[in-house]
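Participant: Take a look and give me a structure for this.
(chains A and B)
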Amino acid sequence: MKVLVVEDYSPIRKAVEATLRESGYAVDCAIDGAEGYSAASNGGYDCIVLDWMLPKMTGIEVLTRLRQVADQTPILMLTAKDATEDRIKGLDFGADDYLVKPFAIGELLARIRALIRRHYSAKNPIITIGNLSLDTIAKRLTRNDQLIELSAMEYSLLEYLALRVGQVVSRSDIWNHLYDLSDDSHSNVVDVYIGYLRKKLESDGSGRILHTRRGLGYVLEGSS
Amino acid sequence: MSTSLRWRVLLGATLVTFVALLVASEIGNVMLRDGLISQLDERLALAAHGLTPAFEDDGSSVHFEWEGAGVGPQVVFRAWDASGSIVAESSGNLAIPQRDVPKLLVSESTHETLKLSDGSNARATLISFLPKVDIQTESLSGSSPSSARPSTPVILEVAATLADVESVLALAKKRMAIVIGSALLLTIAVLWPITNIILRPVNTIAERIRSLDVSELRSRIDTTKCPTELQPIPVRLNELLGRLEESFDRERAITANVAHELRTPLAGLRATIELAETKSRSIEYYQRTLSDCGQIGHELESLVERILLLARIDAGRVAIQNDSIELESFLKSTWDSVAQAANRDSTSVDWRVPRGTIVKSDSALLLIVFRNLFSNALSHGIADHPIAIESETDHNGIRVHITNKCDGVHESELPRLKERFYQRDLSRSQTGKHSGIGLSLCDDILKLLNGRLELKLLQEGRFQAAVFLSMASVK
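Facilitator: The predicted model follows:
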C-alpha cells in the first residue's frame, strides 16, 4: 500500500513517514500544497494524509481540486483545526476522515488502514479467501490454520491482491501501489515477489490461489 | 406591584385624577359658598331696607314701630342711633352680641360674618339711614319743615344664621365625595385596558429581549414596529450585543490560534516520541530523537513565552525597568545573536547607527523587539540583498529603521501585519518561529515603552520596519 503524506511541519512529516514505512507502507512525502497536489495527481496512492494549513496551496484547495477531477483516493485530513465547523468543512469538501493534532500514531495508522479497507470495500480487517486468512491488523497470514511467515514486501503484495480479490491486477499497478518514488527498483521485481509468495502459499501442498493471467497480470482467487 | 409599570401608570393616573377632582371640588365648594352668601346678603339687605320705614324720629328720639310679621326665621336685628343707644332690637332668644356701634356713613351698607349669642355662625348686613320724621310732632311744635332739626341717622344691623348655607355646603360636599369616588373607580376601569394598549410596545420589546438566547450572541432584537421613543433601547442593545459578539469572536479566534500554534509542535513531539517507542532502536536513533524533541521543545518554549508576554501586556502586568542602553553596541550584539541562530552570519548589513547614542528604556523588552525584527528581516528578506539598519534622532525622539528587500508584501497588507496571528503565508513550516505574533508583540511592547512600530513599503520592493522611541527615552 502506498500513502502520500502532505505536511509542511518537518517533525510530524518525518514521524508519520517513518511510522508508515515501519508498518509496511510505501510512503511519498510533500512539503507544500502544490507539491502534494502534483504527487496526488499522478495517482497510485491508496491513501493521502493531508495537512490543512499548507504553503502555496492549502489542504482544502488540494482536496477540492482532486475531487473535481474525480480522484477517489481516500484522504485523511490531519490538522490542528479542531473546531466543529472546521471538521464539517473538511469532510464536506471531500475528506474521508479527519484527525486533529496532536494525535496518537496508533490511531493514525488504524484510520489509514480503515480508509484503505473501505476504499476496497473490505469491511472486515480479516480477509478470508477460501482457506486463506489474512489479518490486516496483526499482519498475520494463515492457510488451513497454518501460520505462514511473510516478509514485509510479500505481505504488502498479498494484502493489496487480497483487497482486490477476484480482480486481475496488472504488474505496473502493483508496482505503483507498493513502491514509493525513492525506490530505484523496476516493475519486474513484482514478478520475483509473486514467485516468492506463491511458493509460500503452496508450501503445504494446498492448491494454487494466486494465478497469472498472461499479458494481464495476477489475480487472487480461492474456492470457498 | 411597585415594580409593575402598568400599576405605576394606573396609580399615577388615578392619583392625578383624584387630586384634580379634589381641587375642582374645593373650588366648586368655595364658589357655591360665595354664591349662597351673596344671596343671603341680598336677602338681609332687603330685610334691612324693609325695616327702615318702622323707624321714626319724633324730634327728641328715634322710635321703632313695627307692625308687620317677623323679619324671617333665624333673622335678628339691632338698631342704634347716632349716640350709640340701641333704639330697636329683635325679640327672642337669639340676639346679636353686644358690640360698639359700627361706624358707617349714611346710605352706606356693609356685610360681615359674626357669631350670634348662641355661638352659631351668622351673616350680617349693616345699613345706615335717616329715619322718617314724625309729621304730627312737627305740627305741634309749629316749626316749618325747613327749620326743623335734621333727623339723626340710624344704624341697623340685620343678621341671619348660616345654618342653611352650611347644610347646603355639607350636602354638596357629600355628593362631591360620591362623585370623586365614582370617578376614581371609573378611571381605574377605563385606564386598565388603556394602560395595556399604551404599554404594549414596552411589553413587546420586553418579550423580544426575554426571548433572546443568552448563549447565542448572534441574536438581535427586531427593531421594526418599535415606537420612536423606545427605539434607543433595542438599537443600543443590538449595538452592545454586536460589540460583545465581536469581542467574544476575537477572544475565540485568539484562543483557536494559540491552540493551533501549540498543537502543531505538540503533535510533532508526540509523534516523534511514539515512533521511538514502537520498538527497540539504536543509541544514535534515540540521541537524534532527543535532539529533535529538544528543538521542538525550544520552539514551544519560545512560542509560549511570547504568548505569555502578550497576555501580561494585555493585563498590564509588565514591569518596566529603565536601563541606559548604548544603541549601537546593543543593536550589533542583538543582530549577531539572531544571525548566528539562523546560520546567516554572512548576511551583509549596512550599519548606520552613530556610536554613543544612549537610549533610556527597558533593555529586556527592547531585546525582544529587535530580535523579532531582525529575525523577520532575515527570514522574509531576499537573500543576497543587504539589510540596512540605521538610526536617526530628531526633536521628537529616535527611530531605528530596519530595511530589507522583500517580495510579495502589498500596501494593503501593512495594517494587518501587526494583527495577532496574522499569517501572510498559511504555512506552519516555521512553526515556533513565525507564528504571526511577532510584530503584534513588538507593537504592544513599544506602546508600553511610549514608542511605536511603523511599517512601510519603500520603492524597489523594500520593506521597512521602524522602531520609534520618544524623546524621553533618549539621553
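Participant: Residue A:200 - nearest residue in space that isn't next to it in sequence?
Facilitator: Nearest non-adjacent residue to residue A:200, counting by CB to CB, 6 or more residues apart in numbering or on different chains: residue A:148, 5.3 Å away. Every C-beta, even on glycine, is put in place using the N, C-alpha and C of the backbone.
Participant: Could you pull up the residues touching the one you found?
Facilitator: By CB atoms under 8 Å, 6 or more residues apart in numbering or on different chains, residue A:148 lies in contact with A:141, A:142, A:200, A:201, A:203.
Participant: What lies in contact with the helix or strand bottoming out on mean pLDDT in chain A?
Facilitator: Using mean pLDDT, DSSP states H and E, the weakest-scoring helix or strand in chain A turns out to be helix A:171-178, at a mean of 84. Helix A:171-178 is contacted by residues A:1-2, A:26, A:43-46, A:153, A:156-157, A:160-161, A:187-191, A:217-218 when judged by CB under 8 Å, 6+ apart.
Participant: Pull the contacting residues for the residue lying closest to residue A:146 once chain neighbours are set aside.
Facilitator: In space, and not counting its chain neighbours, residue A:146 is closest to residue A:204: 5.8 Å by CB to CB, 6+ apart. Residue A:204 makes contacts with A:143, A:144, A:146, as judged by CB under 8 Å, 6+ apart.
Participant: Closest to residue B:173 out of these?
Facilitator: Nearest to residue B:173, judged by CB to CB, of those is residue A:143 at 120.9 Å.
Participant: Now the closest one. Nearest residue, chain neighbours left out?
Facilitator: residue A:132 (4.9 Å).
Participant: which ones are touching that neighbour?
Facilitator: Residue A:132 touches A:141, A:142, A:143, A:201, A:209, A:222, counting by CB under 8 Å, 6+ apart.
Participant: Pretty sure residue A:144 is one of the things the fourth one touches, is it not?
Facilitator: No. Under the criterion of CB atoms under 8 Å, residue A:201 lies out of contact with residue A:144, with a separation of 10.8 Å.
Participant: Look at the two and report which has more neighbours.
Facilitator: Using other CB atoms under 10 Å in any protein chain shown as the criterion, residue A:201 and residue A:144 rank with residue A:201 on top: 21 against 12.
Participant: residue ranges with poor pLDDT in the chain?
Facilitator: Because you didn't say which chain, this covers chain A. Counting by pLDDT under 70, chain A has low-confidence residues at A:181-185, A:187, A:223-224.
Participant: Actually, chain B is the one I wanted.
Facilitator: For chain B, the stretches with pLDDT under 70 are B:1-2, B:68-72, B:135-150, B:408, B:423-435, B:472-475.
Participant: What segments of chain B are helices?
Facilitator: In chain B, the helices defined using DSSP state H lie at B:5-51, B:135-141, B:163-198, B:200-210, B:232-277, B:283-314, B:327-341, B:363-380, B:414-417, B:438-448.
Participant: just chain A next, same as before
Facilitator: A:10-22, A:33-41, A:59-68, A:84-92, A:105-119, A:152-163, A:171-178, A:188-201.
Participant: list the contacts for residue B:120?
Facilitator: If a contact means CB under 8 Å, 6+ apart, then residue B:120 has B:161, B:162, B:163 as its contacts.
Participant: one more time with 10 Å, if that's ok
Facilitator: Listed by CB atoms under 10 Å, 6 or more residues apart in numbering or on different chains, the contact partners of residue B:120 are B:74, B:94, B:161, B:162, B:163, B:166.
Participant: Could I get the contacts of residue A:148 in JSON lines, plus columns for distance to residue B:196?
Facilitator: JSON lines is the format used below for the contacts of residue A:148 (distance: CB to CB, whole Å):
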{"residue": "A:141", "distance to residue B:196": "84"}
{"residue": "A:142", "distance to residue B:196": "85"}
{"residue": "A:200", "distance to residue B:196": "92"}
{"residue": "A:201", "distance to residue B:196": "90"}
{"residue": "A:203", "distance to residue B:196": "96"}
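Participant: Break the chain down into its domains, please.
Facilitator: Answering for chain A, as no chain was given. Following automatic domain parsing, chain A resolves into domains at A:2-119, A:126-220.
Participant: My question was about chain B, not that one.
Facilitator: B:6-170, B:230-314, B:323-473.
Participant: And the longest one, end to end?
Facilitator: The reference is to domain B:6-170. End-to-end distance of domain B:6-170 (CA to CA, to the nearest Å): 37 Å.
Participant: what comes up buried for the least confident helix or strand of chain A?
Facilitator: Within helix A:171-178, the residues that count as buried by 16 or more other CB atoms under 10 Å in any protein chain shown are A:171, A:173, A:174, A:175, A:176, A:177, A:178.
Participant: got it, and stretch A:134-143?
Facilitator: Applying 16+ other CB under 10 Å to stretch A:134-143 flags A:134, A:136, A:141, A:143 as buried.
Participant: Now do the contacts for the last one.
Facilitator: It stands for residue A:143. A:129-134, A:200-204, A:206, A:209, A:222.
Participant: Repeat that for the third one.
Facilitator: Residue A:141 sits next to A:127, A:132-135, A:147-150, A:154-155, A:158-159, A:162, A:197, A:200-201 when contact means CB under 10 Å, 6+ apart.
Participant: do that again at 7 Å, thanks
Facilitator: For residue A:141, the contact set (CB atoms under 7 Å, 6 or more residues apart in numbering or on different chains) comprises A:134, A:148, A:150, A:158.
Participant: Now tabulate these in JSON lines and tack on distance to residue B:438.
Facilitator: Putting the contacts of residue A:141 into JSON lines (distance: CB to CB, whole Å) gives the following:
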{"residue": "A:134", "distance to residue B:438": "53"}
{"residue": "A:148", "distance to residue B:438": "58"}
{"residue": "A:150", "distance to residue B:438": "52"}
{"residue": "A:158", "distance to residue B:438": "52"}
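Participant: Out of those residues, which comes closest to chain B?
Facilitator: For those, the closest approach to chain B (CB to the nearest CB) belongs to residue A:150, at 18.3 Å.
Participant: And that closest one, its phi and psi?
Facilitator: Torsion angles at residue A:150 (phi, psi; degrees, to the nearest 10) stand at phi -130, psi 150.
Participant: returning to that earlier point: make CSV out of the helices of chain B and add distance to chain A and mean neighbour count.
Facilitator: Listed next are these as CSV, based on distance: least, CB to the nearest CB, whole Å; neighbours: other CB atoms under 10 Å in any protein chain shown:
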stretch, distance to chain A, mean neighbour count
helix B:5-51, 42, 15
helix B:135-141, 128, 12
helix B:163-198, 45, 13
helix B:200-210, 28, 14
helix B:232-277, 3, 17
helix B:283-314, 6, 15
helix B:327-341, 17, 17
helix B:363-380, 13, 20
helix B:414-417, 17, 14
helix B:438-448, 18, 20
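Participant: With distance to residue A:89 as extra columns, can I get these in TSV?
Facilitator: Below are the helices of chain B laid out as TSV (distance: least, CB to CB, whole Å):
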stretch	distance to residue A:89
helix B:5-51	48
helix B:135-141	133
helix B:163-198	50
helix B:200-210	33
helix B:232-277	14
helix B:283-314	26
helix B:327-341	37
helix B:363-380	29
helix B:414-417	23
helix B:438-448	26
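Participant: and residue B:111, which of the ones you listed is closest to it?
Facilitator: helix B:5-51 (4.8 Å).
Participant: tell me the contacts of the closest residue in space to residue B:377 that isn't next to it in sequence?
Facilitator: Nearest residue to residue B:377, sequence neighbours excluded (CB to CB, 6+ apart): residue B:404, at 4.4 Å. Contact analysis of residue B:404 by CB under 7 Å, 6+ apart lists B:377, B:381, B:385, B:387, B:462, B:463.
Participant: ok, so what distance separates residue B:217 from chain A?
Facilitator: From residue B:217 over to chain A the distance is 16 Å, taken as CB to the nearest CB, to the nearest Å.
Participant: Show me how far stretch B:461-472 is from its chain's centre.
Facilitator: With CA atoms, centre = their mean, to the nearest Å as the basis, stretch B:461-472 stands 46 Å off its chain's centre.
Participant: Contacts for that stretch next, please.
Facilitator: Residues outside stretch B:461-472 that contact it (CB under 7 Å, 6+ apart): B:359, B:361, B:369, B:373, B:395-407, B:409, B:446, B:449-458.
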